[in-house]
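>>> with the input below, show me the fold.
(2 chains)
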Amino acid sequence: MEVRERIDLLERADIVNSLLARYGVKFGIYKNNTFHEQLFPFDPIPRVIGKEEFAYLEKGLKQRVQALNLFLKDIYNEKKILKDKIVPEEFIYASSGYLAQCEGIVPSKGVFSHISGIDLVLGKDGVWYILEDNLRVPSGASYPMIARELCRRSSPKTFQSVSVADNRSYAELLKKTLDYVNTGGLTVVLTPGRYNAAYFEHSYLAEKMKVPLVSSHDLITENDKLYFVDYSGKKEQVGAVYRRISDEYLDPMNFNHESVIGVPHIFDIYRKGNVAIVNAPGNGVADDKGIYYFVPKMIRYYLGEEPILHNAPTYLPYYEEDMTYVLENFDKLVLKDVAEAGGYGVVFGNSMSSKQKEDFLVLLKREPRRFIAQEVIDFCDLPIQEKGEQFERKADLRAFVLSSDEPVVWKSGLTRFSRNPDSFIVNSSQGGGFKDTWVLNQ
Amino acid sequence: MKKLKFRYALRIEFDMPVTQHSFTVRCLPVSDERQAILQQNIHILPKEFLSENRDSFGNIYFFGRTEAPHNLFEVVTEGIAQTGLAKGTKAEEEYRLGMFLGQTFYTKPDEALKAFFDGMKIPAGTRLQKSQFIMEAIREKFAYVSGVTNISTTAAQAWKMKQGVCQDYSHIMLSLCRMAGIPCRYVAGMLIGEGLSHAWVEIEEDGMWYGLDPTNGTEVLEDHIKISHGRDYEDCLINQGVFTGLAKQSQSISVSVMEEVEEKKEGKEKHDHINSQCTSSSR
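Numbering: from 1, shown residues only, chains lettered A, B, ... in the order given. Coordinates of the predicted model:
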């Protein structure tokens, strides 16, 4: 890239950020029981992934998502992987993402994880590691989409001289994925409403796909079918729901009875095969921290292939051999409680006081199944720009894999970085920012 | 073997009209190896947009929805079941039973229930023998008292009070059996002569499910009509609904299960005859 054009984009970062604010690219967070909206800071220096490197990631991601889809189908139906004792059944049934209500259901076209958000980091050793799989309601694709749109507008020259794969096709790809499983009727985006953290994304994706953005009270069930009732009272059958509501709140008649943002009986219509719910309910059993350990085994089991992409080295104290390793190398490991999420229940061995360590070891020995241990990965820093200066910060990448007749990896992704120089935590709710992800065409 | 005539009736009256009412009812017994449902019919009000399906456990359920304002929700199911055809019913393969081994919201033990479990000296034996031992141990400490617990009481909470009803007996038994590594499930159903619905548990042994009724300390043979099973009460909810409206609701449930006596005495013959005519005309 020419230096001049590069500077061109960097100089216009403020314009892009103010446009992002104007378009409402925000996310909501609840703090002390009140709702705040925050901007999601955009850094203009893109993460650049070369063509060959991306081809490698693409191959590995497709393989991983294919195996995860087969696993979900198997777990809720035949359970071959349990019968063959590849995965101990305790890890399935103790998972909070496992839903017995989904037993025996094969969704439309057999697809469970239509949109998979796979988080990766590039280690300092030059190896990409999978950090976690998000197969429930992964969010984030809209941010690089709109950032690219605004960058192209504010700095067209940059994109004339660099051959970057166009990422604005995401909406089309998503629509195709939804249409593939549609059982007959409209495709809609179901949002819990404007107080949801990702409401911007819901409205943006609906607009880009040109499909209705609906809330639960716009949908009704009648005669085994789901209908969208528009503002004029006109009723139209719905065949696919891209729901941005978690399983728990999706349907008060089948899951959390207290939910007021769900659609009563939508799950019963789904059970009858008369609507596709995207992603499928019950997927949480496959992106659980404990199950993560088994993904490489799943790839070998279902596909008969060696995993292309690696997990961060992970140990299950449930196995005696791993327990021994964990006890011997305690200080260099990070320990995670499989039942917790969102950064809770994560402790670094070397940061514990001797008393804390002692207590933790008692707990670990009593409930070995509850924990996983991982090597701490030293991942690469990426340059960011702040007040005209450049700094190095930790960053990860969320890649999006869309599964219809075959999996497709979106040629972009959400790169999140930590704004705190000492932190590994890139979550947007923790004040992190994002970058565009460029995949080069050549 | 017994022929049981059953009737389950649920009425919810609203003191002002409600709208947008969605409901699910799970109150129809299913034929299996132990019981054959010879005849039955179900009446649900409101009846527009009513659907039927089977849930993931194989239980029959009905679901529906109405927009129209109404003051009454009613479900009546009645029929004849032949029970005691076998002692147990066929179970799924061992590797599929895991879901009946994990504790749930209702069965999760607290320290007190764990301590009780640790103090029990369960003798070696089959799963069924161990479960019977557990059942007796509960019954020694726990008393049937209605009104002290409610539908959201957990096993741990009921155990603390040492009092409760069939739902509590069943949850406590499930909690203890699961601690002992015995696959077991919750059963909702009806019991001969009772005025309310009933609950008990089933224990898996050698590829078969066998019923034990901890409330009465008996095996489940011919006096029970099973409606549904699941991991706990939640999976077997007989009725649930959501609606729009500020109405107060009053609910009444009446259940009757009577043994159908074959025509023996001459004097009674005519009466029975009339009865059976009634049944057939309402079918």
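
>>> for the rest of this, base every contact and every neighbour count on C-alpha atoms.
OK.

>>> contact partners for residue A:216?
By CA atoms under 8 Å, 6 or more residues apart in numbering or on different chains, the contact set of residue A:216 is A:190, A:191, A:192, A:261, A:262, A:263.

>>> so which of those residues is the most crowded?
Greatest neighbour count in those, by other CA atoms under 10 Å in any protein chain shown, goes to residue A:262: 28 neighbours.

>>> quick check: it is in a strand.
No. The assignment for residue A:262, made by DSSP: H, G, I helix; E, B strand; the rest coil, is coil rather than a strand.

>>> any idea how far it is from chain B?
11 Å (CA to the nearest CA, to the nearest Å).

>>> wait, that residue touches residue A:252, no?
Yes. Counting by CA atoms under 8 Å, residue A:262 does reach residue A:252; the two are 6.1 Å apart.

>>> partners of residue B:11 in the sheet?
Beta-bridge partners of residue B:11, counted by DSSP bridges, are residue B:74, residue B:252.

>>> closest to chain B among the contacts of residue A:216?
Proximity of the contacts of residue A:216 to chain B (CA to the nearest CA) peaks at residue A:263, which lies at 9.9 Å.

>>> I'd assumed residue A:219 was in contact with the closest one.
Yes. When contacts are counted by CA under 8 Å, residue A:263 is listed as touching residue A:219 (6.8 Å).

>>> tell me who's in contact with residue A:335.
A:346, A:347, A:348, A:349, A:371, A:372, A:373, A:374.

>>> helix, strand or coil for it?
Residue A:335 - assigned by three-state DSSP - is strand.

>>> please identify the helix or strand for the spatially closest residue to it that is not a sequence neighbour.
Nearest non-adjacent residue to residue A:335, counting by CA to CA, 6 or more residues apart in numbering or on different chains: residue A:373, 4.4 Å away. Assigned by DSSP states H and E, residue A:373 falls within strand A:371-375.

>>> can you name every helix or strand that that strand contacts?
Secondary-structure packing of strand A:371-375 (3 or more CA pairs under 8 Å, 6 or more residues apart in numbering or on different chains; DSSP states H and E): helix A:289-292, strand A:314-315, strand A:333-337.

>>> now find how far off-centre the longest one is within its chain.
Right, the one you point to is strand A:333-337. Relative to its parent chain, strand A:333-337 has a centroid offset of 21 Å by CA atoms, centre = their mean, to the nearest Å.

>>> got the confidence number for residue A:180?
pLDDT recorded at residue A:180 is 98.

>>> what residues does chain B have near chain A?
B:22-24, B:49-51, B:53, B:55-57, B:63-65, B:95-96, B:98-99, B:102, B:240-242 (CA under 8 Å from any CA of the partner chain).

>>> buried ones among these?
Among the residues of chain B next to chain A, those classed as buried by 16 or more other CA atoms under 10 Å in any protein chain shown are B:22-24, B:50-51, B:53, B:55-57, B:63-65, B:95-96, B:98-99, B:102, B:241-242.

>>> OK, contacts around residue A:166?
residue A:411.

>>> using the three-state scheme, assign it.
coil.

>>> give me the phi and psi for it.
Dihedral pair for residue A:166: phi -70, psi 120, per degrees, to the nearest 10.

>>> from chain B, how far off is it?
44 Å.

>>> what packs against the lengthiest strand in chain A?
The longest strand of chain A (DSSP state E) is strand A:389-403. Contact partners of strand A:389-403 among helices and strands, from 3+ CA pairs under 8 Å, 6+ apart: helix A:51-75, strand A:115-122, helix A:170-181, strand A:381-386, strand A:407-409, strand A:414-417.

>>> try 7 Å
strand A:115-122, strand A:381-386, strand A:407-409, strand A:414-417 (3 or more CA pairs under 7 Å, 6 or more residues apart in numbering or on different chains; DSSP states H and E).

>>> can you tell me which of the ones you listed has the worst average pLDDT?
Minimum mean pLDDT among these: strand A:381-386, a mean of 90.

>>> show me the residues of chain B next to chain A that map onto helices.
Among these, no member is found in helices (DSSP state H).

>>> among these, name the ones in strands.
B:22, B:23, B:24, B:50, B:51, B:53, B:63, B:64, B:65, B:240, B:241, B:242.

>>> what's the domain layout of the chain?
Since no chain was named, I'll use chain A. For chain A, automatic domain parsing gives the domain ranges A:3-290+A:380-439, A:313-375.

>>> right idea, wrong chain: chain B
Structural domains assigned to chain B are B:2-84+B:237-282, B:89-236, following automatic domain parsing.

>>> ranking these by burial, who's on top?
When the domains of chain B are scored by mean count of other CA atoms under 10 Å in any protein chain shown, the highest mean neighbour count falls to domain B:89-236 (a mean of 20).

>>> for residue A:17, helix, strand, or coil?
Under three-state DSSP, residue A:17 comes out as helix.

>>> contacts only, for the nearest residue to residue A:253 once chain neighbours are set aside.
Spatial nearest neighbour of residue A:253, excluding adjacent residues (CA to CA, 6+ apart): residue A:264 at 5.5 Å. Residue A:264 makes contact with A:251, A:252, A:253, B:22, according to CA atoms under 7 Å, 6 or more residues apart in numbering or on different chains.

>>> again, only this time at 6 Å
A:251, A:252, A:253 (CA atoms under 6 Å, 6 or more residues apart in numbering or on different chains).

>>> just want the phi and psi numbers for residue B:161.
Dihedral angles (degrees, to the nearest 10) for residue B:161: phi -90, psi -20.

>>> revised request: answer the last question for residue B:32.
phi -140, psi -160.

>>> with just CA atoms, put stretch B:145-163 into PDB.
The C-alpha coordinates for stretch B:145-163 follow below in PDB (Å, rounded to 0.1, in the frame of the first residue of the first chain):
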ATOM      1  CA  VAL B 145     -49.000 -32.300  54.800                       C
ATOM      2  CA  SER B 146     -50.700 -30.200  52.100                       C
ATOM      3  CA  GLY B 147     -50.500 -26.400  52.000                       C
ATOM      4  CA  VAL B 148     -47.000 -26.000  53.400                       C
ATOM      5  CA  THR B 149     -45.300 -26.300  50.000                       C
ATOM      6  CA  ASN B 150     -46.300 -25.000  46.500                       C
ATOM      7  CA  ILE B 151     -45.500 -25.800  42.900                       C
ATOM      8  CA  SER B 152     -42.200 -24.000  43.000                       C
ATOM      9  CA  THR B 153     -40.900 -25.600  46.100                       C
ATOM     10  CA  THR B 154     -37.600 -27.500  45.500                       C
ATOM     11  CA  ALA B 155     -36.500 -30.800  47.000                       C
ATOM     12  CA  ALA B 156     -34.100 -29.000  49.300                       C
ATOM     13  CA  GLN B 157     -36.700 -26.600  50.500                       C
ATOM     14  CA  ALA B 158     -39.300 -29.300  51.200                       C
ATOM     15  CA  TRP B 159     -36.700 -31.400  53.000                       C
ATOM     16  CA  LYS B 160     -35.900 -28.600  55.300                       C
ATOM     17  CA  MET B 161     -39.600 -28.600  56.400                       C
ATOM     18  CA  LYS B 162     -39.900 -32.300  56.300                       C
ATOM     19  CA  GLN B 163     -43.400 -31.900  55.100                       C
END
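
>>> centre of the chain to it, how far?
Distance, centroid of stretch B:145-163 to centroid of chain: 17 Å (CA atoms, centre = their mean).

>>> what does the longest strand of chain A rub up against?
For strand A:389-403, using CA under 6 Å, 6+ apart, the contacting residues are A:114-121, A:381-384, A:408-410, A:413-418, A:421, A:424.

>>> now those residues: which count as buried?
Among those, the ones that count as buried (16+ other CA under 10 Å) are A:114-121, A:381-384, A:408-410, A:413-418, A:424.

>>> quick check: residues of the stretch 51-200 of chain A near chain B?
Residues of the stretch 51-200 of chain A found near chain B, taking CA under 6 Å from any CA of the partner chain as the criterion, are A:83, A:93, A:101, A:103.

>>> where are the low-confidence patches of the chain?
Picking chain A for this. Residue ranges of chain A with pLDDT under 70: A:1-7, A:341-343, A:423-431.

>>> oops, I was thinking of chain B
B:262-283.
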